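>>> For reference, the sequence and a predicted model appear below.
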Amino acid sequence: MFTSVLMIEKALTSADVEFVTTLHGDETVAFHVLLQPRGDQADRLLRAIDDVALGELDEAAHERETPEGEAAVGQGQQALDVSLLALRSAGSEAEGRLIEDHPLDALKALVDEIDADEVIVLTDPHYVEEFFHRDWASRARHKVGVPVLKLFSHSKV
């Protein structure tokens with residue numbers, strides 16, 4: 001069995017589930033999902049810049065209305081639950097947890113704990129962080145000791 005750690009920032013769409021569950025052909029995959037609820041206000045500017053870069057001006061204007069920090073934990077748990085159910089419905093083993101602080105430390109600890117074969121980072125594009133190689137995937141490649149695959153979410157939830 002192949003073991004993947006899947007880092008996400010929102011609920012998986014059906015297209016995302018199909019994509020990650022078929023990456024290894026017919027091989028059975030066990031997913032260990034890590035989801036970090038939306039960060040604090042310091043991340044708001046970067047998200048707004050990403051929205052503008054993607055031509056989503058309405059989203060950039062409404063960044064203030066999206067719960068962050070402690071207020072986002074409930075939504076994060078719901079997104080995690082939906083994602084785990086979708087992965088299991090697709091025939092994969094799946095378990096997961098929310099991570100609130102230091103996502104890369106949590107990732108490294110989980111990779112070591114379960115002896116993961118790979119890490120998949122599946123997020124929306126984050127142009128500023130990617131340009132400066134400060135996105136999860138770029139930073140994880142220097143930390144976890146297993147291959148890191150970066151994928152973009154297929155659609156908005």
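Noted; the coordinates are in hand. It should be emphasised that the depicted structure is a prediction, and the values quoted were computed from it without experimental measurement. Numbering: from 1, shown residues only.

>>> Could you pull out the buried residues of stretch 93-101?
Buried residues in stretch 93-101, defined by neighbour count with 16 or more other CB atoms under 10 Å: 94, 96, 98, 99. Backbone N, C-alpha and C define where each C-beta goes, glycine included.

>>> Reduced to three states, what does the first one come out as?
Taken by DSSP: H, G, I helix; E, B strand; the rest coil, the conformation at residue 94 corresponds to strand.

>>> related to what we said a few turns ago, just give me the closest of the buried residues of stretch 93-101 to residue 29.
Proximity of the buried residues of stretch 93-101 to residue 29 (CB to CB) peaks at residue 94, which lies at 9.1 Å.

>>> Contact partners for that closest one?
Counting by CB atoms under 8 Å, 6 or more residues apart in numbering, residue 94 touches 30, 31, 32, 33, 83, 84, 87, 88.

>>> Which of those residues are buried? Put it as a ChimeraX command.
Only the buried entries of the contacts of residue 94 go into this ChimeraX selection, using 16+ other CB under 10 Å:
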select :30,31,32,33,83,84,87
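
>>> Identify the farthest-apart pair in the contacts of residue 94.
Longest span within the contacts of residue 94, CB to CB: 30 and 83, 14.4 Å.

>>> quick revisit: any idea which of the buried residues of stretch 93-101 is closest to residue 37?
residue 98 (6.4 Å).

>>> in this structure, which spans are strands?
For the chain, the strands defined by DSSP state E occupy 2-8, 29-35, 93-98, 118-123, 148-152.

>>> okay, the angle between the shortest one and strand 2-8?
Put simply, strand 148-152 runs at 50 degrees to strand 2-8, going by axes from the mean of the first three to the mean of the last three CA atoms, to 10 degrees.

>>> and if you look at the second one?
Note on geometry: by the same axes, to 10 degrees, strand 29-35 and strand 2-8 are set 20 degrees apart in direction.
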